[in-house]
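S.K.: sequence unknown, structure follows:
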DNA sequence: GGGTTCATTTTGTCCTGGACAAATCGTTGA
DNA sequence: TCAACGATTTGTCCAGGACAAAATGAACCC
């Protein structure tokens, strides 16, 4: 189908520019212009003159990207070593969440992730779910655990496998619980999804799990729905609310732009709720959009909607 | 953060090249090279010389893309009108699976997808699941329904929204069912995942749903696991079998290459099972690999494994 | 001091046109 | 019927120039 798919890519450690684009989210144009301007990354070339990036360059690019998501600019970062970048990342870690504050549950669960004991992880989570109930489980256990796993991943304590495994088990659990308690005709009708290029769907599931017990009827479109499709789906399904979720990796700028564009094409009587670190504190730039600060705030937003729609 | 994000995009009907890339999945490079070679699309230019695509051009590009997913080549398509392209899309309905063969269940379910009645879809599927049991439900209902939905999508009868919604509901259902009947210590231990660039995870879930009732302990890593990670995970978790799934969209060549490379790096006592249209009938090219022909064959493979490992 | 305006710098995206290699097609020969 | 091999098609990559939006910093007024 694709006449040319990128050589071998990550198979033998030879990273093409397309592979780096996928992994870092930095466009090919950006990678080339950085090389021209800053001299980094300075990849080797194969026989055909095409760029071959090393794993180390990829690591540095990944960290740069994360720091830029926090508001830094590339020229400040490009001269630093991987270790120095890592220091900056560690320094930023919100002090409100240092490891000493991790609960016993959390460290135990994190250990299961680290050891890749998926079945035990699943049943441990399930027990907590039964004990706490869906909403409290999501807000009090899952949300901080997510954070902890994310941090552990950044620090390199968990590999890709561990992270995949974690999200898989959480999805299994949440989807089962949601399916069990879904209602068909509740109000409001909420449409949940993410914008294109946002792959993380766990946030959506957590929101859905929070809303469903309140009698809300949620429809999730999964991740990566084109703007035009969100619009038509929202109108066609007579939804009251459209909810978007953004992970920390999503560029804040892009998020705001997408949100505003969607808002402008959405009927005025459909509310737009957005949540995730990419949009935190940007309320000012998003008139007419409800910015959700955390999972508890989802319920507040719901209450407000119900009050105002009487 | 991004100093320049594409103007206003589709907000006022002015489509930048980036917007068209997002909507059609055709890369900027491809769009430019088509314009150079075929004279289409031939967008207007704004004051700065940048391309402005019309909605009509976008429509034609969308259809071309769909037809190319069916194996056509751009040079055949670029001269046709939108109407002619639509005709081709309508005509594609493969005769092996004409609508007359669809069961009553199937047409009813397909209608729910088309009308985006997600709650009803979910409960209809759930009823079937209860009546048929997990394994028969997956093999007899879900597999053909998948096929039908895929065909309908190719013909343009269902939009992205409908497809998202369908996979979302099926996932909810299967994950719930799997979670309910999972066993922690069964044999064999099976590791399920897809290679990088393969995004479709529904096949994995269906396999998992088929195996779990047999007392197999399955661990799914979700989609897009790098080869190196599959290897380390398989060894570290002491798995007996690694299972890979490939959708029809995955290039066959790439699949075989990836499988062989994985096989060569895997301990000899770990079996490798692969399934999906991309690998059908390629048994000859894959020595030492168990090619799974369909869902029933999964159970055959399981039986064989259990026989040979006594 | 705190806020507004304006020039300057930074930065990502888009442009052109050339090149190449993988995939496919069409033909030939066993 | 199938394998092999040249010709064609096709998507990706490259270089280096240009531009406009965003961020920064200086000057200014209340």
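M.R.: Thanks, I have the structure now. Keep in mind that this is a model prediction, so the values were computed, not measured.
S.K.: worst-scoring helix or strand of chain A, pLDDT-wise?
M.R.: helix A:252-264 (a mean of 77; mean pLDDT, DSSP states H and E).
S.K.: Within the sheet, what are the partner strands of the helix or strand following it, with directions?
M.R.: Following helix A:252-264 in sequence order, the next helix or strand is strand A:271-275 (DSSP states H and E). Looking at strand A:271-275 with DSSP bridges, its partner strands are strand A:241-245 (parallel), strand A:290-292 (parallel).
S.K.: contacting residues around the longest one?
M.R.: Strand A:241-245 has contacts (CB atoms under 8 Å, 6 or more residues apart in numbering or on different chains) with A:188-195, A:198, A:200-201, A:203-204, A:207, A:230, A:234, A:259, A:262, A:266, A:270-276, A:292, A:305. Quick note: C-beta positions are derived from backbone N, CA and C, even for glycine.
S.K.: Likewise for stretch A:39-56?
M.R.: Counting by CB under 8 Å, 6+ apart, A:13-17, A:19-20, A:31, A:34-35, A:57, A:60-61, A:78, A:82 sit against stretch A:39-56.
S.K.: In helices, which of these fall?
M.R.: Those of these mapping onto helices are A:17, A:19-20, A:31, A:34-35, A:57, A:60-61, A:82, per DSSP state H.
S.K.: on that earlier part again, run through the neighbouring helices and strands of the least confident helix or strand of chain A.
M.R.: helix A:227-236, strand A:241-245, strand A:271-275 (3 or more CB pairs under 8 Å, 6 or more residues apart in numbering or on different chains; DSSP states H and E).
S.K.: Contact residues of the stretch 51-200 of chain A facing DNA strand D?
M.R.: Applying CB under 7 Å from any atom of the strand, we find that the stretch 51-200 of chain A lies next to DNA strand D at A:51, A:73.
S.K.: Below-threshold pLDDT in the stretch 101-250 of chain A: ranges please.
M.R.: Applying pLDDT under 70 to the stretch 101-250 of chain A flags residues A:101-102, A:154-156, A:197, A:249.
S.K.: Give me the neighbour count for residue A:295.
M.R.: The number of residues packed near residue A:295 is 19, by other CB atoms under 10 Å in any protein chain shown.
S.K.: From DNA strand D, how far off is it?
M.R.: Distance of residue A:295 to DNA strand D, computed by CB to the nearest atom of the strand, to the nearest Å: 28 Å.
S.K.: Surely that residue touches residue A:208?
M.R.: No: assessed by CB atoms under 8 Å, residue A:295 is found out of contact with residue A:208, at 11.3 Å.
S.K.: Find the nearest non-adjacent residue to residue A:211, please.
M.R.: residue A:218 (5.5 Å; CB to CB, 6 or more residues apart in numbering or on different chains).
S.K.: if you look at stretch A:39-56, does any of it touch DNA strand C?
M.R.: Yes: using CB under 7 Å from any atom of the strand, stretch A:39-56 reaches DNA strand C at A:47-48.
S.K.: hmm, back to that, buried members of the contacts of stretch A:39-56 into ChimeraX, please.
M.R.: This is how ChimeraX selects the buried members of those, with burial counted by 16 or more other CB atoms under 10 Å in any protein chain shown:
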select /A:14,15,16,17,19,20,31,34,57,60,61,78
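S.K.: Please work out how many residues are found near whichever residue of the stretch 101-250 of chain A sits closest to DNA strand D.
M.R.: Here the stretch 101-250 of chain A gets closest to DNA strand D at one residue, residue A:250, 14.9 Å apart by CB to the nearest atom of the strand. By other CB under 10 Å, 23 other residues sit near residue A:250.
S.K.: So it, which state does it fall into?
M.R.: Under DSSP: H, G, I helix; E, B strand; the rest coil, the three-state class of residue A:250 is coil.
S.K.: Surely it and residue A:278 touch.
M.R.: Yes: when contacts are counted by CB under 8 Å, residue A:250 is listed as touching residue A:278 (4.3 Å).
S.K.: Can you check which residues contact both of those two?
M.R.: Common neighbours of residue A:250 and residue A:278 (CB under 8 Å, 6+ apart) are residue A:69.
S.K.: and the gap between residue A:136 and residue A:296?
M.R.: Distance of residue A:136 to residue A:296, given as CB to CB, to the nearest Å: 10 Å.
S.K.: in the least confident helix or strand of chain A, what's buried?
M.R.: For helix A:252-264, the buried set under the neighbour-count rule, 16+ other CB under 10 Å, comprises A:252-263.
S.K.: Report the entries of those that also contact DNA strand C.
M.R.: Of the buried residues of helix A:252-264, not one also sits near DNA strand C (CB under 7 Å from any atom of the strand).
S.K.: As CSV, those residues with distance to DNA strand D would be great.
M.R.: Listed next are the buried residues of helix A:252-264 as CSV, based on distance: CB to the nearest atom of the strand, whole Å:
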residue, distance to DNA strand D
A:252, 8
A:253, 6
A:254, 11
A:255, 12
A:256, 9
A:257, 7
A:258, 13
A:259, 13
A:260, 10
A:261, 12
A:262, 17
A:263, 16
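S.K.: Without its sequence neighbours, what residue ends up closest to the spatially most central residue of chain A?
M.R.: The residue lying closest to the centre of chain A (CA atoms, centre = their mean) is residue A:247, at 2.5 Å. In space, and not counting its chain neighbours, residue A:247 is closest to residue A:200: 4.2 Å by CB to CB, 6+ apart.
S.K.: circling back: nearest to DNA strand C among the ones in helices among the contacts of stretch A:39-56?
M.R.: Taking CB to the nearest atom of the strand as the measure, DNA strand C sits nearest to residue A:34 out of the ones in helices among the contacts of stretch A:39-56, at 6.0 Å.
S.K.: So that closest one sits against residue A:78, correct?
M.R.: Yes: counting by CB under 8 Å, residue A:34 does reach residue A:78; the two are 7.2 Å apart.
S.K.: distance of the closest residue to chain B within the stretch 1-150 of chain A from residue B:271?
M.R.: Of all residues in the stretch 1-150 of chain A, residue A:119 sits closest to chain B, at 3.9 Å by CB to the nearest CB. Per CB to CB, residue A:119 is found 20 Å from residue B:271.
S.K.: quick one: which of the two has more around it?
M.R.: The residue with more neighbours, out of residue A:119 and residue B:271, is residue B:271; 21 against 18, by other CB under 10 Å.
S.K.: Distance-wise, check that one relative to DNA strand D.
M.R.: Distance, residue B:271 to DNA strand D, using CB to the nearest atom of the strand: 27 Å.
S.K.: where along chain A do the helices fall?
M.R.: Using DSSP H, the helices of chain A run over residues A:17-24, A:28-38, A:55-69, A:74-77, A:82-92, A:104-115, A:118-132, A:134-136, A:143-154, A:160-181, A:202-211, A:227-236, A:252-264, A:295-308.
S.K.: who's in contact with the closest residue to residue A:236 other than its chain neighbours?
M.R.: The shortest distance from residue A:236 to any residue other than its chain neighbours is 6.4 Å, reached at residue B:116 (CB to CB, 6+ apart). Contacts for residue B:116 (CB under 8 Å, 6+ apart) come out as A:219, A:233, A:236-237, B:161-162, B:165.
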